[in-house]
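Chemist: Provided below for reference: sequence and predicted model.
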Amino acid sequence: MEIPWVIEEQTIVKHELLKKYISTWAAILFSQQEKLRVKPQLLYFDGFSGPGIYYTDATKSSICYGSPLIVAEIANRFIDEDKRREFSIICVDRDKKCVEMLNKELRKLDKHNQKWEAFTGEFDKTINELLDDLEEDKSILRPSFFFIDPYGYSGFHMTTLRRILQYERSELFINFMIYDIIRFIEAAHSQQRMRELFGCSDFEDVSKFKSSEEKQQFLINLYCKQLTVYAGARYVMPFRINTPGMG
């Protein structure tokens, strides 16, 4: 696969949502920390981060930023306003070339010496290792935001989301790839990955439904229930991002 690649329309939409949300999230939490007179610190995790840059179109004549670098620019803006602030960025991707390219771009933007870094590895295994390290130095106690935008439907487990949500003031933005899930939900080779994704075997009941719409709604409801009941999320807000041609 060529790196970087041309950005897709739905990715642009996700990045716009992330940009607006992270800006507001950071403003609120930094303000709260300042009122409480505690050290202003935030932590951003980017799973399946990619190389950090995309070509804007098929001509490949210009590039645009991906999610880690979008957040890096936002972080710089907040630290420009108050040099006491810390805004850590940790990224994970399984492709070594993507990680090398992303680290190069992160170093260019890290003007406040925040030590932003990307790591090579499978998301679920690597993120748990990183959380182990952060727990040792208490860094995970700061408010944390996790952007989980997988290449497919697997690679992050409900047990890991449960661990993340046990930390106070942690938030998740998950791209739940419902169409890929529907496509493989009943395939024998996908059953273990589905159990890891949902944290249970209740997804097997999808066979009771005939239409794609009914299957989608059942699986989305089940996933939201698992995030709440099993993983401990206080608030869950599902919404749909249409791909090109869907209106």
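Modeler: Thanks, I have the structure now.
Chemist: what bridges to the most centrally placed residue in the chain?
Modeler: Relative to the mean C-alpha position of the chain, the nearest C-alpha, by Cα atoms, centre = their mean, is the one of residue 147, at 1.6 Å. In this structure, residue 147 has beta-bridge partners residue 46, residue 173, where bridges are defined by DSSP bridges.
Chemist: that one reaches residue 66, doesn't it?
Modeler: No: applying Cβ atoms under 8 Å as the test, residue 147 and residue 66 come out as separate, 10.4 Å apart. Just so you know, the C-beta spots here come from the backbone N, C-alpha and C atoms, and that holds for glycine as well.
Chemist: flag the shaky bits of this protein, pLDDT-wise.
Modeler: For the chain, applying pLDDT under 70 flags the ranges 243-244, 246-247.
Chemist: for it, what spans make up the helices?
Modeler: In the chain, the helices defined using DSSP state H lie at 9-36, 67-81, 96-109, 123-136, 158-165, 178-184, 191-198, 212-225.
Chemist: select, out of the ones you listed, the one closest to residue 59.
Modeler: helix 9-36 (16.3 Å; Cβ to Cβ).
Chemist: could you say what helices and strands that closest one packs with?
Modeler: When contacts are defined as 3 or more Cβ pairs under 8 Å, 6 or more residues apart in numbering; DSSP states H and E, helix 9-36 packs onto strand 41-47, helix 67-81, strand 144-148, strand 170-174.
Chemist: identify the residues contacting the last one?
Modeler: The contact list for strand 170-174, computed with Cβ atoms under 8 Å, 6 or more residues apart in numbering, reads 17-18, 21, 25, 143-149, 156, 161, 164-165, 233.
Chemist: from these, which is closest to residue 181?
Modeler: residue 156 (12.8 Å).
Chemist: could I get the phi/psi values of that closest one?
Modeler: Dihedral angles of residue 156 (phi, psi; degrees, to the nearest 10) stand at phi -130, psi 130.
Chemist: check contacts around it.
Modeler: Shown in contact with residue 156 (Cβ under 8 Å, 6+ apart): 47, 123, 124, 127, 148, 150, 174, 197.
Chemist: and these, which is closest to residue 60?
Modeler: residue 150 (25.0 Å).
Chemist: and the closest one, how far from residue 24?
Modeler: 25 Å (Cβ to Cβ, to the nearest Å).
Chemist: those two: which is more packed in?
Modeler: residue 150 (17 against 10; other Cβ atoms under 10 Å).
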